[in-house]
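**Q** need coordinates for the below:
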Amino acid sequence: MSDALVIIPTYNEIENIEAIIKAVFSNEKQFHILVVDDNSPDLTALKVEELQELYPENLFLLKREGKLGLGTAYIEGFKWALEREYQYIFEMDADFSHNPKDLIRLYSACADNGNDVAIGSRYTNNKVNVVNWDMKRLLMSYLASKYVRLITRMKIQDTTAGFVCYRRKVLETLDLDRIKFVGYAFQIEMKFKTYLKKFKIVEIPVIFTDRKKGQSKMSGGIISEAVFGVISMKLKSLFAKS
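**A** Modelled structure (predicted):
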């Protein structure tokens, strides 16, 4: 039994899913994987089921009825993990934008160094560690993190990062049923509520590499949710204090 679970949400990731699963399992540290699939038309879930025959003790699958959003996929994954004995729960993309070898670094930041949350950060020490993004997308992401820091006052440089390790106690403390956002802003909301609870958060520099296979899930609606949702989230936190 591993003490660490990697949650990978999927929608049409048939080109990446087998390779990412095998890459995670190739680490020296043993990780378990939970794939949360939103009824991918390309039969991603079927491929995971085939791989479960190779990894019956380490690979798990949650199949959902449709495309319900990144945030709800992670929330279901978190709840699944908390029903079991996992002590360290990870968020990671299926498309190799997050290097599976960096899982050990995030794990060590929490398990060995006493942090509650470890963020695989693209923006640390005034450096941008992103490969294969065009300038427009890079600027949009970088300014989004700056904007979130300005509004929320969080001392986190990569506020929209999706490569994260949580200690179990963090997810047990947060009211997961009250996490509002389902898209891009989900990552911001999780960090903000963790920050408000005064958990110890550390950023670990990683190199983010844009996907080579499959289609990006980014959309205008997801970005709009993040921009306007951050203001709403901050205002609610101020009213809660008063």
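**Q** can you show me the helices along this protein?
**A** Taking DSSP state H as the test, the helices found in the chain are 17-25, 44-52, 70-82, 103-111, 135-152, 168-173, 185-196, 220-241.
**Q** out of these, deepest packed?
**A** Highest mean neighbour count of the helices of the chain: helix 185-196, a mean of 22 (counted as mean count of other Cβ atoms under 10 Å). All C-beta spots, glycine's among them, are computed from the backbone N, C-alpha and C.
**Q** sketch out the low-pLDDT regions of the protein for me.
**A** 126, 128, 132-134, 138, 211-228, 231, 238-242 (pLDDT under 70).
**Q** again, only using 80
**A** Scanning the chain with the threshold set as pLDDT under 80 gives 125-146, 182-184, 210-242.
**Q** circling back: okay if I get the helices of the chain as JSON lines plus distance to residue 63?
**A** Listed next are the helices of the chain as JSON lines, based on distance: least, Cβ to Cβ, whole Å:
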{"stretch": "helix 17-25", "distance to residue 63": "13"}
{"stretch": "helix 44-52", "distance to residue 63": "5"}
{"stretch": "helix 70-82", "distance to residue 63": "11"}
{"stretch": "helix 103-111", "distance to residue 63": "24"}
{"stretch": "helix 135-152", "distance to residue 63": "31"}
{"stretch": "helix 168-173", "distance to residue 63": "22"}
{"stretch": "helix 185-196", "distance to residue 63": "20"}
{"stretch": "helix 220-241", "distance to residue 63": "23"}
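**Q** can I get stretch 121-132 in PDB, CA atoms only?
**A** Listed next in PDB are the C-alpha coordinates belonging to stretch 121-132 (Å, rounded to 0.1, in the frame of the first residue of the first chain):
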ATOM      1  CA  SER A 121       5.600  26.200  -9.700                       C
ATOM      2  CA  ARG A 122       6.300  27.600 -13.200                       C
ATOM      3  CA  TYR A 123       7.100  31.100 -11.800                       C
ATOM      4  CA  THR A 124       9.700  31.300  -9.000                       C
ATOM      5  CA  ASN A 125      12.500  33.800  -8.200                       C
ATOM      6  CA  ASN A 126      11.400  36.000 -11.200                       C
ATOM      7  CA  LYS A 127      12.000  33.100 -13.600                       C
ATOM      8  CA  VAL A 128       9.500  31.600 -16.100                       C
ATOM      9  CA  ASN A 129       9.900  27.900 -16.600                       C
ATOM     10  CA  VAL A 130       7.500  27.100 -19.500                       C
ATOM     11  CA  VAL A 131       8.400  25.300 -22.700                       C
ATOM     12  CA  ASN A 132       6.500  25.500 -26.000                       C
END
